[in-house]
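Enquirer: pasted the sequence and its predicted model underneath.
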Amino acid sequence: MLKALDLWLPAYLRRKREPSAAGKVHAMICVCDHFEPFHDADKTEAFARVEKWKTEFPKIASAFRDANGAPPKHTFFYPVEQYDADIVERIAQLCRETQCETEVHLHHDRDTAENLRATLERGKSDLLRHGLLTRDESGATRFGFIHGNWALDDSHPDGRHCGVREELRVLREAGCYADFTMPSAPDRTQTRTINSVYYATDTPAAKSHDTGIPAKLRSEPCGDLLLVQGPLGLNWSWRKFGILPRVENGDLTAANPPTIDRLKLWIELQIHVLRRPQWLFIKLHTHGALPRNSAMLLGEPMWKFHGELAEVSLKNSNLVFHYVTAREMVNIIHAAEAGHSGDPGEFRDFRYRSLILR
């Protein structure tokens, strides 16, 4: 069906909202980039793409600040099967300079659990060599994850782009602290669970993360993997043919850059830890190495968005914005589960700490 509406629209239409939070509402904004500099590119072009980011993003990072004084942040999910030491080192340098972070992205097909484990361990080792990734309180290496081609847990209906039906468990055992793949609509890998932060348990079937247990106040992590979803809904302010609403899936593209109108919808979808609606989690995604998208993300549309975001903050003292990385967002989620309140910016390092030196 068009836009995979049969998978997610019923959940969207029957969604129940918690009462709006009284007082201040804090919105965490996280840009998760499927960062693929080698997409349709040789090393010379890949290097040039990364150099553009290294030159231009620090200008944005130095120009704006959130409620905690933090700059705009970017999380680069680098495809570990395309590891190149020169390229990754330049990304690491950018992260050290700008408070950005790098996590694990992976494309694979017709894979096995054993090979996936080996691939993840090799990918972790490669990124650790550059001072990237995260450690928990025990000293174990941890990482965030995005699945290439959206096919987490062998969820593609044609059986492509994965092959591992125990993928959630393998990820957990390898040290994954959360998955950031969803939403994938209009792709058929889209889950029926939408606009949620939840825990999924692996099953023998594909797409184990189709359903799960919502993260909620005064609860402990459960299942095999935490999934942090981005917004998914209908955007009636941007219509096709002037009639039909377009799908809002949190994707930042040259044709659909971030705007204040989109921000209003992201906020209305209320992705949060249950019984903690004061803290909202806005997980956006993009493919920022593609030239058409990097021109938007590093150019006038993104500068305009950050400027307008600052204006909104000045006009509405009860709406507070925080720029966060994927790791910081998950730390704040766990702080919400533990019952913390107030300024979420105080919990950016609540459980997992970045290894990147600043």
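Expert: Looks like it came in fine.
Enquirer: center of this protein - which residue?
Expert: The geometric centre of the chain, computed from its C-alpha atoms, lies nearest to residue 32 (Cα atoms, centre = their mean), at 3.9 Å.
Enquirer: who's in contact with that one?
Expert: Contact analysis of residue 32 by Cβ atoms under 8 Å, 6 or more residues apart in numbering lists 75, 77, 144, 146, 180, 230, 283-286, 326. The way it works is simple: take the backbone N, C-alpha and C, and place the C-beta from them, glycine included.
Enquirer: the helices in the stretch 101-250 of the chain, which residues?
Expert: Secondary structure of the stretch 101-250 of the chain by DSSP state H, counting those that start in this stretch: the helices cover 113-128, 167-174.
Enquirer: hang on, the earlier thing: of the contacts of residue 32 - the most surrounded one?
Expert: residue 326 (29 neighbours; other Cβ atoms under 10 Å).
Enquirer: now for the nearest residue to residue 317 once chain neighbours are set aside, how many residues are close by?
Expert: Leaving aside its sequence neighbours, residue 317 sits nearest to residue 24 (Cβ to Cβ, 6 or more residues apart in numbering; 7.7 Å). By other Cβ under 10 Å, the residues close to residue 24 number 15.
Enquirer: and the pLDDT at residue 24?
Expert: With respect to pLDDT, residue 24 scores 93.
Enquirer: from the contacts of residue 32, which single one is nearest residue 61?
Expert: residue 75 (13.4 Å; Cβ to Cβ).
Enquirer: so the closest one touches residue 105, yeah?
Expert: No - using Cβ atoms under 8 Å, residue 75 makes no contact with residue 105, being 10.3 Å away.
Enquirer: show me the common contact partners of the two, please.
Expert: By Cβ under 8 Å, 6+ apart, no residue touches both residue 75 and residue 105.
Enquirer: give me every residue that touches residue 182.
Expert: Taking Cβ under 8 Å, 6+ apart, one finds 152, 190-191, 194, 209, 227, 229-230, 232 in contact with residue 182.
Enquirer: try it again at 6 Å.
Expert: Contacts for residue 182 (Cβ atoms under 6 Å, 6 or more residues apart in numbering) come out as 191, 229.
Enquirer: give me the pLDDT for it.
Expert: 98.
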